Each structure stands twice: as C-alpha cells, then as structure tokens.
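S.K.: What would the 3D arrangement of this be:
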Amino acid sequence: MEQTVRSIAVRALAARLVLLVAAATGLAAVGFGFAPPVAAVVGWLAVSAAALASCSPAGDEPEQQEQEREPSENAAEFGDLPRFLDEIDLAVYLLAADGSVLFQNRSASSTFGSFPLGSHISARMRAPGVLDIIRDTLANGHTNQIEYSERLPSERVYLVRVAPVAGGADDTPVFMLVLRDISEARRIDRMRSDFVANASHELRTPLASLRGYIETLQGPAKNDTKAQERFLPIMLDQATRMSRLVDDLMSLSRLEAKAHLSPEQQVTLNTLLEHVRDGLLPLAEDLNVAINLFLPEQQVTVNGDNDELLEVFENLIENACKYGAEGGRVDVYLKARDDGAAEVSVVDYGPGIPAEHVPRLTERFYRVSVADSRSKKGTGLGLAIVKHILSRHRARLVVKSAVGKGTTFTVRF
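M.R.: Model prediction:
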C-alpha cells in the first residue's frame, strides 16, 4: 500500500514538473518570438495533456510497466521522473530547499557538464544574478526569471527560470531550475537591427543629396540653365544608386526566403562563364582590363539556378575588373575535380586585400574602402548576395589575397 501511494505521489510530481517545463517553453516562445501566442498556448496545452496522460497509470498493469522501465542512474528518489525530463531539450535541475542539486537531466549534463548530486548549485552557477533569483525562490517560493550570458568558451545567452514545484513523495519542497538557450534568437535580433541601421544609413546619403539639389533648383537656381545641366546628372546618379540598393535588398530578401530549397536545374558552367565574359566586355574595355577564360574541353555541369549563378560570377568578375584593374587582366579558371565536383576561380592582379578584411568581405555593407566602393558605384551588398546564393547551392566561397599581388575568389561546388 505504501509503495502504491509513493508511486502515485511520484507520478503526480512528474506531471507537475513536466507541466512547468511545458509552460516555461511556451511562455519563452511567446516572449522571444519563437511562436505566435495562440500557437504557443495550444502547444503548451497539448504537451501538458500528453504529460498528464503519460504520468497516469494505464490499464490494470502499472506494476508490470514499472518493472519494464530502466531507472535513471542519478535520480533514484524520483522514480521514473528522468524518463520525462531527459527528453526535453532544456537544461533542467531539481533543487532541494537548501540549494543542493537533487537531479539534472541529460541536456543539462551535456551543456554544462556532469554535476555531482548533493552539491550546492553555486558550484555550477557562479553568476550573481542567477544565484540571487535562486536564493529568493528558495526563501520565498516566488517564481523568478532572468537572462544569463556566458562569454567562454563561446558567447551563449540563456533564459533562466526557477520556480517551486510540489513536494516529493515525502512532501519535501522541490524547486526546478530551467535554462533555455536563446543565443540564436539574440544573434538574429542583433543582425536585424544592424541591417536596418546600415540600410537606413546607405539610403540617407543619396536622399539628402537629392533633397539638397531639388531645393536648390526650386530656389536660387530656378532659372539657371547651367546649374540645372550640372545638377540633374548628379541627381540621376543618386537616384540610380538608391535603385541599385533597393534591388540588392530585394534580392537578399528573396534568397533568404528560399534558402532551404536546393536548386535542381542542370547548369553548364562553360557556357555560363562565356556568357558572363561577353556581357562584361564593355566594362573591361573601359577599364583597360582583359578577361581571360581557361575552360576544360569537357562540359562541366552542376545542379543550380542559372540566373543565380549568373549573378554570382557577374559579381565576382565585375569586382575583379573594378578593384583589380591595376593588374591589367582577370583570369577565370574552371576545373572539374576528380571527385566529380567543380571549381571556378576568379583571379585579379590588383593591389590585394589586407588580411584583416578578408573574413568580413561577405558581411552586408562591409567595405574595405568606403570611398573606393562608392566611387565604383558599389552598394556593399554584392558579396553578401554571392554568399547567400552559394549557401543555397551548397557551395563555398574561398578568398585568398596578398597585398600587392592580387586576390583569388574560388567557388567550390
């Protein structure tokens, strides 16, 4: 009889704990944009119902089911509770009233390392803010929540929640500490805010220029033909710059929307590179640069989107012509590797790129030289678009450069 009562109490505790974790997950999803509020609530209710159902004795054979389960090695006093908590992708600790750790689930062990049961939680959690909310919950029974950041070995951000749960089989108080990794959400938030700030800055300059010229033409230069002839081409150039920027932003948005879809067309790189070379010949002649293609005799084909790959190699070869014009030539090599993959290298012999700039070349709006980029009518988004297209094609961009010797951009499929 006593064993049956204890089993029922353990099951009740398991139900409450799983419900608490489900609630924490749903609320975190709402608070941090992981799911719409309605979806989060419905998901919470579904998880809760499933947890209660799984915690209730099924049929007339509860003792047989107990025998078939393998108890966890680190939570003997909680019976089969680890079966539920070990399947949750949140780090979960159960604490006694004095702050000692009674249980840790599999996710907590893999994330923060195995922790000796019975030790105080302060031996694992050293952040003053986290320890403060744990002490408050242990003392007053209040549910608390805080964000906690770790810098080493890599930057991670956690949403830490601590709350009291019903006592165990012998009615001793038990507290749950849950840590949810929200690092990716925080990274996306920073990237989004940086992107909006950069885009606003890039549009502000040409808009201010246009406004100034328009006000001048409406006022002092209203009847000045020479001023109009001088200002109108500049205004057209600024409007064209904004148009290019908007087009590139739209391209990035479209690429991000279908980043998970791999293209299935067959693209012949020999023909595509010849088409790119022919389209860029007028620009190369203006810059006094020769574009040399080195193509194998056999046709090299890859799975891809023809228009997107055309944009990739137009961007790379155009950049090589503009920024490597001092070298007088741009060499493009197409190679079919022994493993069946393809490789395209675009080589210029210009001034090269300092090593500290190379890792950041594909960042949005990143420029090695702002003045040089704008004088060549760049938007700062070209290589970011290249990176997104190649990611969708499951290809890589490798950049090698030496100051005074030139730069090589290699696309490996």
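
S.K.: Val196 belongs to a strand?
M.R.: No: counting by DSSP: H, G, I helix; E, B strand; the rest coil, Val196 falls outside a strand, being helix.

S.K.: contacting residues for the nearest residue to Gly380 once chain neighbours are set aside?
M.R.: Distance criterion Cβ to Cβ, 6 or more residues apart in numbering; nearest residue to Gly380, sequence neighbours excluded, is Phe365 at 4.0 Å. In short, each C-beta sits where N, CA and C put it, glycine included. Applying Cβ atoms under 8 Å, 6 or more residues apart in numbering, we find Phe365 in contact with 198-199, 202, 380-381, 384.

S.K.: Three-state assignment for Phe365, please.
M.R.: Going by three-state DSSP: Phe365 is coil.

S.K.: about what we covered before: out of the contacts of Phe365, which two sit at the greatest distance?
M.R.: Greatest spacing in the contacts of Phe365, by Cβ to Cβ: Glu202 and Ala384 (12.6 Å).

S.K.: any idea where the strands of the stretch 101-250 of the chain begin and end?
M.R.: Ranges of strands in the stretch 101-250 of the chain, per DSSP state E, counting those that start in this stretch, are 101-104, 144-150, 156-165, 174-181.

S.K.: now the last one: mean pLDDT?
M.R.: Read that as strand 174-181. Here strand 174-181 scores 90 as its mean pLDDT.

S.K.: what do you get for the second one?
M.R.: Throughout strand 144-150, pLDDT has a mean value of 87.

S.K.: then that strand to PDB, C-alphas only?
M.R.: Only the C-alpha atoms of strand 144-150 are listed here, as PDB (Å, rounded to 0.1, in the frame of the first residue of the first chain):
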ATOM      1  CA  ASN A 144      11.800  34.200 -10.900                       C
ATOM      2  CA  GLN A 145      13.300  34.700 -14.400                       C
ATOM      3  CA  ILE A 146      16.500  36.300 -15.700                       C
ATOM      4  CA  GLU A 147      18.800  36.400 -18.700                       C
ATOM      5  CA  TYR A 148      22.200  35.000 -18.200                       C
ATOM      6  CA  SER A 149      25.200  35.300 -20.600                       C
ATOM      7  CA  GLU A 150      28.400  33.200 -20.800                       C
END
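
S.K.: strand partners of that strand, parallel vs antiparallel please.
M.R.: The partner list of strand 144-150 in its sheet, established with DSSP bridges, is strand 156-165 (antiparallel).

S.K.: and the direction of the strand it pairs with versus that of strand 174-181, what angle?
M.R.: Going by axes from the mean of the first three to the mean of the last three Cα atoms, to 10 degrees, strand 156-165 is angled at 160 degrees with respect to strand 174-181.

S.K.: Show me where the stretch 101-250 of the chain has its helices.
M.R.: 106-112, 128-140, 183-218, 225-257 (DSSP state H, counting those that start in this stretch).

S.K.: For the chain, give me the ranges with low pLDDT.
M.R.: Residue ranges of the chain with pLDDT under 70: 1-83, 152-154, 166-171, 194, 198, 370-378.

S.K.: on that earlier part again, looking at the strands of the stretch 101-250 of the chain, which is nearest to Ser110?
M.R.: Of all those, strand 101-104 sits nearest to Ser110, with 10.1 Å by Cβ to Cβ.
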